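Trainee: Generate coordinates for the sequence data below:
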Amino acid sequence: MPIDSFKIATSVDINNIVILVNRAYRPETAAGWTHENLLVSGPRIAAAQVLELILASDSRILLAYRQDALLACVHLKKADGDCHIGMLAVEPSWQDAGVGKQLLAYAENYAISEWAPATFVMAVLTARTELIAFYLRRGYQKTGKQMDYPLAAGVGTPRRQNLTVAILVKHTNQLLPTITTERLRLRIPNLDDATTVSNLLTPAVSQWLAAWPEPMSGQAVAEKMADAHADIAAGQAWHFLLQRLADGVVVGWVKVSRSEADAQIGDLSYWLGEAYHGLGYATERSIQLRVLSGSTQLNLKTFYPMPTSAKKLRILALSGSLRAASLNTLVLRTLANIAPEAIDVLVYPCLGHLPLFNPDLEEPLPEPVADLKNHIIAADVLIIASPEYAHGVTGVIKNALDWMVGNESFVNKPVALLNVSGRAVHAYAALREIVGMMSANIIDDASLTIPLYGKQLTEAEVLANPQTVLDLQTVLAALQKAVFGP
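Mentor: Numbering: from 1, shown residues only. Next comes the predicted model:
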């Protein structure tokens, strides 16, 4: 995006603001498309007027820069619970480059954070049909109200008789309402957050996210934020940063939208920073987002991006090993990375966060357990891969399954069981027995032994084995067939 920094104007910026605004609105030559030379004569703004706007306590002028060059400005004024937006001016040589759109989105976000206005109000010359169309594309609406040109405001002299100003509005509930849970604040992302979000996207997080591949630069994140504001303005989806109330730390990103299949169902996707998994943030947030989406039920999902088709297969993969170099985890991650676009695979990273199973703690479920349960419910299919310890499954996977016995998350759930050791027959048999007892639907065609030999294997080495790749593709194809049919 063109803009790389913003600031609030001070008195030292007055001359630059005057030059920018007058060049944009009333240039000496007809440069750019936002000028009003044919409609109004005289300067649009003077230094004394800018100073008055800067000094007012309920007023801000926001400046947008690229490499220290001033590209654009906009004026915000708080009034009677609303925010009036005006004096949006873009350097003529940068018009048609997305600068105005980017600054307007930032300004709206800033106003909501500072003043929580109910409505944005904008006054535009009625004859400026192309400019009105620009704002309508940004989510503003015509009110049908008009007023006479403000001669007393000292912003120029009309060249036409009966020149009028149209009033446009944009209600902030078209953007994002303020949502606060017990521990989290959900707020609009803005350009200032780009570096923070980029730092959260470690390789361990990005490997789960097809739409947020690592490395994700601050600039790339900023572009995603601009896209998010476009979604919001169009009413297509709502985007939030998840921010802890206690210390203001940003822990993740969430998107909610109405399901393409049923407008009464809210589709939810999110990701969390590596250090914030298993803390129950997903469960805490999902209840509040149910209200936001206006849905009667919430289709909680944890895969980004949102599926574009009902045929998108959502797979949750559970590894029974916490070892960093685990072959079971490796085979699941490799499976995720070779999955075609029609399949989302999430390797669940938080089994180690679960407390030891205790039936006395099932009402209510501990937050990490509730998070796992919600992930399982959201998935179309589960894949479980576990090593064998002492002729049995690991304590890690057994503990997770014990927590799920008391609820219906496994009932009729399609499950595939993977075994990476031809010698681990006891754990594989035990796992089949446990999952079958939980009323899951074991997909035999997708439950394979895929032997991996070597303690320090890499994903590249796994992918170099044609038979292993074929086996993994067989697993995915069998699961697609089991869920969606031939």
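Trainee: just the helices in the stretch 1-150 of the chain please.
Mentor: For the stretch 1-150 of the chain, the helices defined by DSSP state H, counting those that start in this stretch occupy 14-25, 47-55, 99-115, 129-137.
Trainee: what is the orientation angle of the third one with helix 14-25?
Mentor: Compare the direction of helix 99-115 with that of helix 14-25 by axes from the mean of the first three to the mean of the last three CA atoms, to 10 degrees and you get 130 degrees.
Trainee: low pLDDT regions in the stretch 301-450 of the chain?
Mentor: Applying pLDDT under 70 to the stretch 301-450 of the chain flags residues 301-311, 422.
Trainee: all helices for it, in order.
Mentor: Counting by DSSP H, counting those that start in this stretch, the helices of the stretch 301-450 of the chain are 327-338, 367-378, 395-405, 425-437.
Trainee: Check the offset of the second one from the chain's centre.
Mentor: Once both centres are worked out by CA atoms, centre = their mean, to the nearest Å, helix 367-378 turns out to sit 20 Å from its chain's centre.
Trainee: angle of it against helix 395-405?
Mentor: 70 degrees.
Trainee: next one: the longest one
Mentor: If you take the same axes, to 10 degrees, helix 425-437 sits at 10 degrees to helix 395-405.
Trainee: Touching helix 425-437 from outside, list them.
Mentor: Helix 425-437 is contacted from outside by 384, 386-389, 391-394, 397-398, 401, 410, 415, 417, 419, 442, 447, 449, using CB atoms under 8 Å, 6 or more residues apart in numbering. Quick note: C-beta positions are derived from backbone N, CA and C, even for glycine.
Trainee: buried sites along that helix?
Mentor: By 16 or more other CB atoms under 10 Å, the buried positions in helix 425-437 come out as 427, 428, 429, 430, 431, 432, 434, 435.
Trainee: which one of the residues you listed is nearest residue 124?
Mentor: Here the nearest of the buried residues of helix 425-437 to residue 124, counting by CB to CB, is residue 435; it sits at 62.6 Å.
Trainee: For residue 370, see how far away that closest one is.
Mentor: From residue 435 across to residue 370, the span is 21 Å (CB to CB, to the nearest Å).
Trainee: now residue 161
Mentor: According to CB to CB, residue 161 stands 67 Å off from residue 370.
Trainee: what mean pLDDT does the longest strand seen in the chain have?
Mentor: Assignment by DSSP state E gives strand 69-79 as the longest strand of the chain. Average pLDDT, strand 69-79: 95.
Trainee: Contacts for that strand next, please.
Mentor: For strand 69-79, using CB under 8 Å, 6+ apart, the contacting residues are 2-3, 9, 16-17, 20-21, 53, 56, 58-65, 83-91, 94, 99-100, 103-104, 107, 110-111, 115, 117, 121.
Trainee: Those, buried ones only, as a ChimeraX selection?
Mentor: In ChimeraX syntax, the buried subset of the contacts of strand 69-79 is picked out as below (16+ other CB under 10 Å):
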select :2,3,9,17,20,21,53,59,60,61,62,63,64,83,84,85,87,88,89,90,91,94,99,100,103,104,107,110,111,115,117,121
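Trainee: got any ranges where the stretch 51-200 of the chain has weak pLDDT?
Mentor: In the predicted model, the stretch 51-200 of the chain carries pLDDT under 70 at residues 173-179, 190-192.
Trainee: so where do the strands sit in it?
Mentor: Counting by DSSP state E, counting those that start in this stretch, the stretch 51-200 of the chain has strands at residues 59-66, 69-79, 82-90, 119-125, 141-148, 157-158, 164-171, 179-180, 184-187.
Trainee: Pairing partners for the longest one, with directions?
Mentor: What that stands for is strand 69-79. Sheet pairing for strand 69-79, assigned by DSSP bridges, gives strand 59-66 (antiparallel), strand 82-90 (antiparallel).
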